[in-house]
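Engineer: No sequence on hand, only this structure:
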């Protein structure tokens, strides 16, 4: 490109230095003063903010300390007297004037520890002595231990709603009561909804417990405290009322805060917020988080400045001073260097234009390459998927004609099975590469003996190699070779290499697999006498969709993902994979290197021993649920041929009804059902049948890790991805113990087909 500045020899001459030096000194001086002012202003604002934070925390802590002292004093009333009557307790609390001197407290109560056998006595006492004619202990289904509320003052409408409640029946309250009992100290509960919440708008609440021991003495041991416990003096709190009681009408116009139960900041743990969300700034100037420990329970407080705080911040004069300094510096500089700056701007514009043109050309080339690779991959994918579909369609048509003629269809069945397996392998390769690339594959690594893993990979690859008339040789070392690996993924690596060697070798070729130990590594080599690899293709051999000598006939097939997956999985194991070839027609050698397992980690016994298969058992009742009629009927036919009793449903509502009438041992349940999906069907089965629920197996086209997690949470016992292996289906059925429950309608059945199954269940 021609230089747009022909007088470039002048560019090497020094420019006028004085304006530049003046500008630099002025800017440095302005920057230093600005930073100093900003630092001082920030420190003043930070100190002001921290004072508000500390004052707020102290006020909350002091108020809770006063409530704790109130309950300690009340506990002495019960510890020193054999019995406190309701009238005495009411008079005592009335003298305290809690709602005047302790704003925010909902009341003071007492609960006595009783055994379930004392329940009638307690209810009779409350109705006769306490004047509570409708008193009862609730909830009635919890009978482990009674700590019902028998005294609660003031006895207003809210507190009366809580009388009789067995607080030991609720986990959050029970945890705080147990902590108070075992430590002998006051204990604050977690966030709860108080039984006093009788209004439509319910506040977050919590309770403060003080244990009462016999004689008022604290036993020295936990066992002694549990034995000597009489009950608890406690106070319930509504968080919003409490905080409003602490801070009165103060609105905190400059700082907002939120109070959370525990050490985590989460919406479900929030007890109180001083301001509505719309009043808060999206990006507050200052924020902080602090933790209070109240009666053994941590509270978390988050603080943030409000716009009013920022408007009065000390840094208001920093920006004007900085702007003024910059303006003065630029004015001095501009007076002397206007012409030079114009020339510099022109030079930069030309350079930016040149860079932009170069970048545009590069991006256009990348787009053309990406578009070419997209078209190439889509054409290859369509070819690879159509290839197995053609023999499947032909085989199905031949099977129909041969069945009419009474001829054997074994050969056509083998063709269909072989081509379906081929299609599944293509889809699995695509999914595996996608999972590895996105970090969705998590290895289940453990000590693995490689001789056994090699043997299993050979057995998996042997049928394909023998179909191409290849000779398989294996050379193994003396003794075991141990590494740390995921057995399934490592066998997938070795099977891919063996399959690749067989695919790219002419019929009658020789494939050799060797295993050895070299310099602290386990080394597996797969050598073949096949077509070899051109030298220019070697650097790109492990790239996705890469195939050597790709032609229109694509005789070898595949998507070019096998070696990509091999490289990614080996590197996830901390190893590496290498390839060597002397050229076209001279074969190739793939080498996998993995770290050897240290001697101190080698198991004493082999850890990958396979369990013996179980002997088949007697007939089962199986329910098949799938909206694909053909898929459901074919699976049912296979199971019936095995001697099982099978019923079919094509939607969720019918499936629920059929479980009630058919009482299956196993349910094969599709997830993508119309109306009610499989997740909902499984959840309803678990909710209604509980321990009597049959084994529920998901059979679906969704096979990602998230899909398996969701099916597990819905109550499925197993997750099969379509097309499922029939051997796996048979094994799941035969491994299921027949349920000892009777069929509906038989003596002993308590479910009743019309009691919960159906649309309204």
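Structural biologist: Arrived safely, thanks for sending. Note that the structure is a prediction, hence the values are computed from the model and not measured.
Engineer: Which parts of the stretch 251-400 of the chain are strands?
Structural biologist: Counting by DSSP state E, counting those that start in this stretch, the stretch 251-400 of the chain has strands at residues 255-261, 270-273, 287-294, 297-305.
Engineer: er, the stretch 101-250 of the chain actually
Structural biologist: For the stretch 101-250 of the chain, applying DSSP E, counting those that start in this stretch gives strands covering 108-112, 149-153, 187-188, 205-213, 229-238.
Engineer: State the mean pLDDT of the third one.
Structural biologist: Meaning strand 187-188. Per-residue pLDDT values over strand 187-188 give a mean of 97.
Engineer: what do you get for stretch 727-740?
Structural biologist: The average pLDDT within stretch 727-740 is 80.
Engineer: Contacts for that stretch, please.
Structural biologist: Identification of contacts with stretch 727-740 by C-beta atoms under 8 Å, 6 or more residues apart in numbering yields 614, 616-618, 620-622, 635, 638-639, 642, 644, 663, 665-666, 668, 692, 694-695, 697, 718, 720. C-beta: built from backbone N, CA, C; applies to glycine.
Engineer: Now, of those residues, which are buried?
Structural biologist: Among those, those classed as buried by 16 or more other C-beta atoms under 10 Å are 620-622, 635, 639, 642, 644, 663, 665-666, 668, 694-695, 697, 718, 720.
Engineer: Farthest-apart pair in these, please.
Structural biologist: 663 and 720 (22.5 Å; C-beta to C-beta).
Engineer: where does this protein have its least confident helix or strand?
Structural biologist: Here the helix or strand of the chain ranked lowest by mean pLDDT, DSSP states H and E is helix 410-437, holding a mean of 68.
Engineer: hang on, the earlier thing: which ones among the contacts of stretch 727-740 lie within helices?
Structural biologist: 635, 638, 639 (DSSP state H).
Engineer: possible to save those as JSON lines with pLDDT and distance to residue 201?
Structural biologist: Formatted as JSON lines, the ones in helices among the contacts of stretch 727-740 follow (pLDDT from 0 to 100; distance: C-beta to C-beta, whole Å):
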{"residue": "635", "pLDDT": "85", "distance to residue 201": "54"}
{"residue": "638", "pLDDT": "84", "distance to residue 201": "59"}
{"residue": "639", "pLDDT": "88", "distance to residue 201": "56"}
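Engineer: Now find how far off-centre stretch 64-83 is within its chain.
Structural biologist: Relative to the centre of its chain, stretch 64-83 is centred 46 Å away, using C-alpha atoms, centre = their mean, to the nearest Å.
Engineer: Check which residues of stretch 105-117 are buried.
Structural biologist: Across stretch 105-117, burial judged by 16+ other C-beta under 10 Å covers 105, 106, 107, 108, 109, 110, 111, 112, 113, 114.
Engineer: Out of those, the closest to residue 211 would be?
Structural biologist: Nearest to residue 211 among those, with distances taken as C-beta to C-beta, is residue 113, at 9.8 Å.
Engineer: and that closest one, how far is that from residue 285?
Structural biologist: Distance of residue 113 to residue 285, given as C-beta to C-beta, to the nearest Å: 52 Å.
Engineer: cool, and residue 404?
Structural biologist: Distance from residue 404 to residue 285, by C-beta to C-beta: 85 Å.
Engineer: who's more crowded, these two?
Structural biologist: Using other C-beta atoms under 10 Å, the more surrounded residue of residue 404 and residue 285 is residue 285, with 17 against 8.
Engineer: Please name the residues that touch the more buried one.
Structural biologist: 45, 305, 309, 310, 313.
Engineer: List the residues that contact the nearest residue to residue 620 once chain neighbours are set aside.
Structural biologist: Closest residue to residue 620 apart from its sequence neighbours, by C-beta to C-beta, 6 or more residues apart in numbering: residue 665 at 4.5 Å. Going by C-beta under 8 Å, 6+ apart, residue 665 touches 620, 621, 622, 694, 695, 733, 736, 737, 738, 739.
Engineer: how about the nearest residue to residue 618 once chain neighbours are set aside, secondary structure?
Structural biologist: Of all residues not flanking residue 618 in the chain, residue 738 sits nearest, at 7.1 Å (C-beta to C-beta, 6+ apart). Taken by DSSP: H, G, I helix; E, B strand; the rest coil, the conformation at residue 738 corresponds to coil.
Engineer: The chain should start at 666 in everything you say after this.
Structural biologist: I'll keep to 666 as the first residue from here, and by that count the last item is residue 1403.
Engineer: Pull the number of nearby residues for residue 1403.
Structural biologist: Here the number of neighbours of residue 1403 (other C-beta under 10 Å) works out to 13.
Engineer: my read: residue 937 touches residue 912, true?
Structural biologist: No. Using C-beta atoms under 8 Å, residue 937 makes no contact with residue 912, being 10.3 Å away.
Engineer: Comparing these two, which shows the higher neighbour count?
Structural biologist: The neighbour comparison of residue 937 against residue 912 (other C-beta under 10 Å) goes to residue 937, with 20 against 16.
Engineer: Test of understanding: give the bridge partners of the more buried one.
Structural biologist: Beta-bridge pairing for residue 937 (DSSP bridges): residue 924.
Engineer: For the residue nearest to residue 1285, grab phi and psi.
Structural biologist: Dihedral pair for residue 1330: phi -90, psi -30, per degrees, to the nearest 10.
Engineer: Could you list which of the contacts of residue 950 belong to helices?
Structural biologist: 710, 974, 975.
Engineer: Please report the distance of the closest residue to the last one other than its chain neighbours from residue 872.
Structural biologist: So the one you mean is residue 975. Of all residues not flanking residue 975 in the chain, residue 950 sits nearest, at 4.6 Å (C-beta to C-beta, 6+ apart). The gap separating residue 950 from residue 872 is 37 Å, by C-beta to C-beta.
Engineer: what about residue 743, neighbour count?
Structural biologist: 22.
Engineer: where's it, which helix or strand?
Structural biologist: If you go by DSSP states H and E, residue 743 is part of helix 682-745.
Engineer: tell me the mean pLDDT for that helix?
Structural biologist: 84.
Engineer: That helix vs strand 952-959, what angle?
Structural biologist: Helix 682-745 runs at 20 degrees relative to strand 952-959, counting by axes from the mean of the first three to the mean of the last three C-alpha atoms, to 10 degrees.
Engineer: Show me what the helix or strand just after helix 682-745 is in contact with.
Structural biologist: Counting by DSSP H and E, the element after helix 682-745 in chain order, helix or strand, is helix 751-761. By C-beta under 8 Å, 6+ apart, the residues outside helix 751-761 that reach it are 735, 739, 742, 749, 767, 772-773, 775, 794-796, 816, 818-820.
Engineer: how about 7 Å then?
Structural biologist: 742, 773, 775, 794, 795, 816, 818, 819 (C-beta atoms under 7 Å, 6 or more residues apart in numbering).
Engineer: Make CSV out of those and add distance to residue 1113.
Structural biologist: CSV is the format used below for the contacts of helix 751-761 (distance: C-beta to C-beta, whole Å):
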residue, distance to residue 1113
742, 69
773, 65
775, 64
794, 73
795, 71
816, 67
818, 69
819, 71
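Engineer: Would you write a ChimeraX line that selects the buried entries of these?
Structural biologist: In ChimeraX, selecting the buried portion of those, with burial taken from 16+ other C-beta under 10 Å, looks like this:
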select :742,773,775,795,816,818
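Engineer: which one of the contacts of helix 751-761 is nearest residue 730?
Structural biologist: residue 773 (16.2 Å).
Engineer: would residue 1257 count as being in a helix?
Structural biologist: No. Counting by three-state DSSP, residue 1257 is not part of a helix but strand.
Engineer: No further queries at this time; thank you.
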